[in-house]
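Engineer: just need the structure, nothing else, for what follows:
(one chain, ligands or ions: 1)
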Amino acid sequence: MGAVEAARLCEALDTLSPVSIRYNPYKSSRPVGGRQVPWSRYGYYLEERPSFTLDPLFHGGAYYVQEASSMFIEQLYRTLFTEDRSPRVLDLCAAPGGKTTLLASLVGAEGLVVANEVIRSRALTLADNVRKWGLGNVVVTNNDPAHLGAYEHFFDLILVDAPCSGEGMFRKTPEARNEWSPEAVKLCAARDRRILSDVWAALRPGGFLIFSTCTFNEEENEGTLRWLLDEYEAEPVEINCDPDWGIVCGQVDGVPTFRFYPHRIEGEGFFAAVLRKGDARLRERVPKPRKSLFAEPNKMERAELVRWVGQPEYMQFARVGDSFYAYYRAAFPAVRQLSEGLSVVTSGVLCGGLYGGKLKPEHPLALFHDLAADVTSRTDLSLEAALDYLRKKDIDPSLLAEGINLVTYEGLPLGWIKRIGRRCNNLYPMGLRIAHL
Ligand code: SAM
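Structural biologist: Predicted coordinates:
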């Protein structure tokens, strides 16, 4: 990079970060008035940063706050897969879930996203975000990359959004500047190579790998890519990228690379590359099951469960201990194989437990986009009452029907509340409640 361009980059790093959101196509429609992120159908820039915490729609999973460059994963995905494909995708380094929720929106009901995060506390946050997004087509795991590598030739697409030295985050996350060092760059590059070699076997021959970072340096980006191409059989893939977007397109041995600089595009620093695995061995192999997890519900249990989802014909219900889950039928065999060998934090849609033949619904079911419309009473709350609900405060019982109610805001489900005479029991999960502001 020349001196003039470097100066422009440094200048841009001292400006305010643009604010962008990506809406959930299964729960809401495009925001009114916002400017679209050029490479994402669902991404929009906002003129200013509102208080997302005080917007019930945020808590209902109507949108995800994501910086715009990362949304380029959508452009890559749409080039690799036509809309009638329902791939099995592994998002290996997934927390907090920006790219997971994007991929879940893209693969649809027949596809599956396995979102893995190696750090336990981060995997729990990832699971919260996945449940809030509410699509039911995600398995969240908390494993080392090598554990996923044991699922040989299992995935059609693997995204490695690698832990990196974070040069692209110097503006948005000022601490990234203090954490950077030449040693950190070296460590990150070595770690990324380890991660890639641990997981490479899980990609099916002909499947795609997207490697991305939020850093600029060559050692972690092109260097890692070059290393991968030396170690494994891989070939280039052609990707459409409009020159007007301002993305710097490059290549390593013909494999296309994309660099996002904050002085050229509206977003943070980002790097992405995509390649196809070119190995002829085809057999899929999964590890021997370590445990048997799922039981089939009996006829009466099933009859109750099907009442709670809009399109039960697409769903497979399963019992795990005392809880019942719903999965999209097409992906269930894969979910079973993964669940029998990995540490699963959450998967499908947790529906709840059955008591006297009746379902006591759990929170994730309220946020599932295909919750049956009239299975319980619904109560649409004002902004003030919705925020009280999200703070886990009491709601005026006269607003509610007796028994279990679905609380909504502008028609979007937020959770459950139970009215018992003149009392009510706010069932919003304690761990998700918003602090008093
Ligand atoms: N993909 C995420 C998103 O879009 O929201 C961001 C992922 S962040 C760039 C990288 C993630 O890799 C972090 O969550 C971090 O905990 C995880 N990570 C750190 N060390 C790792 C390792 N050795 N193997 C796999 N993942 C690791």
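Engineer: get me the contact residues on the stretch 51-200 of the chain for the ligand.
Structural biologist: Remark: the part of the stretch 51-200 of the chain in contact with the ligand comprises 70, 93-99, 117-119, 122, 145, 161, 163, 191, 195, using CB under 6 Å from any ligand atom. For glycine as for every other residue, the C-beta is placed from the backbone atoms N, C-alpha and C.
Engineer: buried ones from those residues, can you make that a PyMOL selection?
Structural biologist: The PyMOL selection below is limited to those of these classed as buried (16 or more other CB atoms under 10 Å):
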select buried, resi 70+93+94+95+96+97+98+99+117+118+122+145+161+163+195
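Engineer: which members of the residues of the stretch 51-200 of the chain next to the ligand occur in helices, if any?
Structural biologist: Counted as lying in helices by DSSP state H, out of those, are 98-99, 122, 145, 191, 195.
Engineer: and these, which two are furthest apart?
Structural biologist: Of all pairs drawn from these, the one with the longest distance (CB to CB) is 98 and 191, at 20.5 Å.
Engineer: beta partners for residue 209?
Structural biologist: residue 158, residue 275 (DSSP bridges).
Engineer: which residues touch it?
Structural biologist: Contacts of residue 209 were listed using CB atoms under 8 Å, 6 or more residues apart in numbering, and they are 157-160, 196, 200, 203, 234, 274-277.
Engineer: now the helices for the stretch 151-300 of the chain?
Structural biologist: 175-179, 182-199, 222-231, 299-305 (DSSP state H, counting those that start in this stretch).
Engineer: take the ones you listed and write them to CSV, including mean pLDDT.
Structural biologist: Written out in CSV, the entries for these read as follows (pLDDT from 0 to 100):
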stretch, mean pLDDT
helix 175-179, 82
helix 182-199, 95
helix 222-231, 96
helix 299-305, 97
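Engineer: reformat these as CSV; add distance to residue 373.
Structural biologist: CSV is the format used below for these (distance: least, CB to CB, whole Å):
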stretch, distance to residue 373
helix 175-179, 45
helix 182-199, 41
helix 222-231, 48
helix 299-305, 16
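Engineer: wait, which of these is closest to residue 361?
Structural biologist: Using CB to CB as the measure, helix 299-305 is the one of those that comes nearest residue 361, at 10.5 Å.
Engineer: the next helix or strand after that closest one - contacts with which helices or strands?
Structural biologist: Where DSSP states H and E defines the elements, the next helix or strand beyond helix 299-305 is strand 315-320. Helices and strands touching strand 315-320, by 3 or more CB pairs under 8 Å, 6 or more residues apart in numbering; DSSP states H and E, are helix 299-305, strand 323-328.
Engineer: of those, which stretch is the most buried?
Structural biologist: Sort the helices and strands packed on strand 315-320 by mean neighbour count, taking mean count of other CB atoms under 10 Å, and strand 323-328 sits at the top with a mean of 23.
Engineer: any idea of the mean pLDDT in that one?
Structural biologist: Mean pLDDT, taken over the full extent of strand 323-328, equals 98.
Engineer: sheet partners, orientation included, of that strand?
Structural biologist: Strand pairing (DSSP bridges) places strand 323-328 next to strand 315-320 (antiparallel), strand 349-355 (antiparallel).
Engineer: right, and the helix or strand after that strand?
Structural biologist: helix 332-339.
Engineer: against which helices or strands is that following helix packed?
Structural biologist: For helix 332-339, the helices and strands in contact under the criterion 3+ CB pairs under 8 Å, 6+ apart are strand 112-116, strand 138-141, strand 344-347.
Engineer: quick one: residue 224 and the ligand, what's the gap?
Structural biologist: Distance, residue 224 to the ligand, using CB to the nearest ligand atom, to the nearest Å: 14 Å.
Engineer: assign residue 40 to helix, strand or coil.
Structural biologist: What DSSP: H, G, I helix; E, B strand; the rest coil gives for residue 40 is coil.
Engineer: return the residues in contact with the nearest residue to it once chain neighbours are set aside.
Structural biologist: With CB to CB, 6 or more residues apart in numbering as the criterion, residue 40 has its nearest non-adjacent residue at 3.8 Å, and that residue is residue 71. Counting by CB under 8 Å, 6+ apart, residue 71 touches 20, 22, 37, 39-40, 42-43, 102.
Engineer: ok so, going back, could I get the strands paired with strand 323-328 as CSV with mean neighbour count, distance to residue 168 and mean pLDDT?
Structural biologist: Conversion of these to CSV gives the following (neighbours: other CB atoms under 10 Å; distance: least, CB to CB, whole Å; pLDDT from 0 to 100):
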stretch, mean neighbour count, distance to residue 168, mean pLDDT
strand 315-320, 21, 40, 98
strand 349-355, 20, 35, 98
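Engineer: so which of these comes closest to residue 14?
Structural biologist: Put simply, out of these the one that sits nearest residue 14 is strand 349-355, at 44.6 Å, with distance taken as CB to CB.
Engineer: now that closest one - C-alpha only, PDB.
Structural biologist: Extracted C-alpha coordinates of strand 349-355, given in PDB (Å, rounded to 0.1, in the frame of the first residue of the first chain):
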ATOM      1  CA  VAL A 349     -36.200 -25.600  18.600                       C
ATOM      2  CA  LEU A 350     -36.600 -26.400  22.300                       C
ATOM      3  CA  CYS A 351     -40.400 -26.700  22.600                       C
ATOM      4  CA  GLY A 352     -40.800 -27.600  26.300                       C
ATOM      5  CA  GLY A 353     -42.000 -30.400  28.600                       C
ATOM      6  CA  LEU A 354     -45.300 -32.300  28.600                       C
ATOM      7  CA  TYR A 355     -47.400 -32.300  31.800                       C
END
